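Undergrad: Sequence plus predicted model, see below.
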4 protein chains.
Amino acid sequence: MSQSSFSYRRRVQFADTDMAGVVHFSWFARYMEEAEHALWREAGLSIASADSDIGFPRVAVAIEFLAPLHFEDEFEVHVRIDAISRRSIRYSHTITRGDTVVARGTMTAVCVRRTPLPLKAIDIPQNILDRLAAAE
Amino acid sequence: MSQSSFSYRRRVQFADTDMAGVVHFSWFARYMEEAEHALWREAGLSIASADSDIGFPRVAVAIEFLAPLHFEDEFEVHVRIDAISRRSIRYSHTITRGDTVVARGTMTAVCVRRTPLPLKAIDIPQNILDRLAAAE
Amino acid sequence: MSQSSFSYRRRVQFADTDMAGVVHFSWFARYMEEAEHALWREAGLSIASADSDIGFPRVAVAIEFLAPLHFEDEFEVHVRIDAISRRSIRYSHTITRGDTVVARGTMTAVCVRRTPLPLKAIDIPQNILDRLAAAE
Amino acid sequence: MSQSSFSYRRRVQFADTDMAGVVHFSWFARYMEEAEHALWREAGLSIASADSDIGFPRVAVAIEFLAPLHFEDEFEVHVRIDAISRRSIRYSHTITRGDTVVARGTMTAVCVRRTPLPLKAIDIPQNILDRLAAAE
């Protein structure tokens, strides 16, 4: 896997905060997913295109919170593909605000065929593998 | 239309709050929708059942915010069907915490056939009209 | 009031969507607020700066939904200050995706002193009025 | 630590779902937190009472997603205190719908003094330890 990472820039919105005055921890999972989808767009892909029967549900997520994010902070989500198996992709994320590491996380998604229900794990299509490899 | 209303009881969760220390205003729209769906369940209906091709997208919402809601507050959403036309339902909501009126709102949804796209407005099925009328 | 408007550009994120396949209606209120806060930044202001005791809670919001937004759609929120009184600001919003008007809304916020509780409505400080006027 | 767990019952709301037709994965972190706060209430405590200067920010969360949750599903979050150190609490969660295990997770929170900023880790007050121990 590549040692480089894709960076996604974002600003904290008011609705992301909670009564403790900082970003609610559940938002970090969303920031990580936003960065993943931006990486796919960078690769010329959409992770959920209207005409595709393939989906990538998450099977695991883990996050360590190292520093708070506040309203209007600008921050970056650095996302890297950590491992790809035939049917799953594991991403590794680092969230930074300037020189401060705000959070680290990993997220694993599996490739599924969406219809007919129930979801069925399938091999990741080769063109997706090729494009993700080229984007890194 | 009936003068009675259906009441839905809810507690404020931590993730509903924002850095101002109160429930974020966008959550009131969700509370109103939760009460609507509870009213449908009371009528023996699901507003989005897996085997139905009918949906009820919102076409308008308006809310006045009269008092804040805080973490762990218990409150009630009183929802009433204000008007039903062939293809739309207008709800009227009052949100209260004890004797305090916290917010008032209205929400209008239209009945649509979901496939094929694009959505197409259709008449509300008679069995839905009957059940909603009986539930009031 | 100015006839011009400030434009805020945004992309639909996966977490903004619901099981109907479109952006959940509660998100439009958040998009409208994001645009408001971007307008304040454009004016050199923060609507919730850490060192200020002033806040701007919403007292009313109304939205008409004219067309759906989908995952990864890029759209613009055009926000205009519709009316300013001594203690309140009413914004008017138009959300567009290309040539399509997706939604229209209004939102009214009042100026309050945040401590001691309870909140107390106060006059909008002159420097805020001046900067918002200049930004338009 | 006790082998028993506290159970929190919840229904999936429409706004919890995403365009894949299931609950968005970020919501599981919120469900876990809702159950934690319900456990605190069961112990006669509020994790964020208005008159307290103590807070419990999360430092880590990890979740495995084993089965999807759908609109209107009723489910249970079983939460157990896994470990308590002088300054932190680790919870372990199992989310079930009937006999199906939907997700498993862990969440760690630390005890902090909230003012003056920055947050400072402190020992968990004895009365909180006593009440949580009694609630299990």
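TA: Cool, got the structure. Residues are numbered from 1 along each chain as shown, chains lettered A, B, ... in the order given.
Undergrad: If we go by neighbour counts, what in the helix or strand of chain A with the lowest mean pLDDT is buried?
TA: Every helix and strand of chain A was ranked by mean pLDDT, DSSP states H and E. The lowest is helix A:126-135, at a mean of 92. Buried residues in helix A:126-135, counted by 16 or more other CB atoms under 10 Å in any protein chain shown: A:128, A:132, A:135. C-beta coordinates here come from the backbone N, C-alpha and C atoms, glycine included.
Undergrad: Now do the second one against chain D, distance only.
TA: By that I understand residue A:132. Residue A:132 sits 20 Å away from chain D, taking CB to the nearest CB, to the nearest Å as the criterion.
Undergrad: returning to that earlier point: I'd like the distance from the least confident helix or strand of chain A to the chain centre, please.
TA: 16 Å (CA atoms, centre = their mean, to the nearest Å).
Undergrad: what does stretch A:102-114 give?
TA: Chain-centre distance of stretch A:102-114: 6 Å, with CA atoms, centre = their mean.
Undergrad: what ranges do the strands span in chain A?
TA: A:6-11, A:54-55, A:58-65, A:74-84, A:88-97, A:100-110, A:112-113, A:120-121 (DSSP state E).
Undergrad: Is any residue of the second one near chain C?
TA: No: shown here: strand A:54-55 not in contact with chain C (CB under 8 Å from any CB of the partner chain), separated by at least 10.8 Å.
Undergrad: quick one: strands adjacent to that strand?
TA: According to DSSP bridges, strand A:54-55 has the following sheet partners: strand A:112-113 (antiparallel).
Undergrad: ditto for the first one
TA: Sheet pairing here is set by DSSP bridges, and for strand A:6-11 it gives strand A:74-84 (antiparallel).
Undergrad: Let me know the angle separating the partner strand from strand A:100-110.
TA: 40 degrees (axes from the mean of the first three to the mean of the last three CA atoms, to 10 degrees).
Undergrad: Pull the residues that contact strand A:74-84.
TA: When contacts are defined by CB atoms under 8 Å, 6 or more residues apart in numbering or on different chains, strand A:74-84 is touched by residues A:1-12, A:31-32, A:34-36, A:39, A:69, A:89-97, A:102, A:106, A:124, A:129, A:132, A:136.
Undergrad: how about it as CSV, C-alpha atoms only?
TA: Presented in CSV, the C-alpha positions along strand A:74-84 are these (Å, rounded to 0.1, in the frame of the first residue of the first chain):
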residue,chain,number,x,y,z
GLU,A,74,-10.6,24.4,9.8
PHE,A,75,-9.1,21.0,9.8
GLU,A,76,-7.8,18.2,7.5
VAL,A,77,-8.7,14.6,7.3
HIS,A,78,-5.8,12.6,5.9
VAL,A,79,-7.1,9.2,4.6
ARG,A,80,-5.0,6.4,3.3
ILE,A,81,-5.9,2.9,2.1
ASP,A,82,-4.3,0.7,4.6
ALA,A,83,-5.2,-2.7,3.2
ILE,A,84,-7.3,-4.1,0.4
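Undergrad: for chain A, longest helix please?
TA: For chain A, the helix with the greatest residue count under DSSP state H is helix A:26-42.
Undergrad: Mind checking the strands of chain A for the one nearest to residue C:53?
TA: strand A:6-11 (23.6 Å; CB to CB).
Undergrad: Tell me which residues of that closest one come out buried.
TA: For strand A:6-11, by 16+ other CB under 10 Å, it's A:6, A:8, A:10.
Undergrad: Considering these, which is situated nearest to chain D?
TA: The closest of those to chain D turns out to be residue A:10 (CB to the nearest CB; 14.9 Å).
Undergrad: beta partners for that closest one?
TA: Going by DSSP bridges, residue A:10 is paired in beta bridges with residue A:75.
Undergrad: try residue A:81
TA: Under the criterion used here (DSSP bridges), residue A:81 is bridged to residue A:91.
Undergrad: Quick one: mean pLDDT over stretch A:15-28.
TA: For stretch A:15-28, mean pLDDT is 97.
Undergrad: Which strands and helices lie in contact with the least confident helix or strand of chain A?
TA: Helix A:126-135 makes packing contacts with helix A:26-42, strand A:74-84 when contacts are defined by 3 or more CB pairs under 8 Å, 6 or more residues apart in numbering or on different chains; DSSP states H and E.
Undergrad: Show me which of those has the highest average neighbour count.
TA: Stretch with highest mean neighbour count among the helices and strands packed on helix A:126-135: helix A:26-42 (a mean of 22; mean count of other CB atoms under 10 Å in any protein chain shown).
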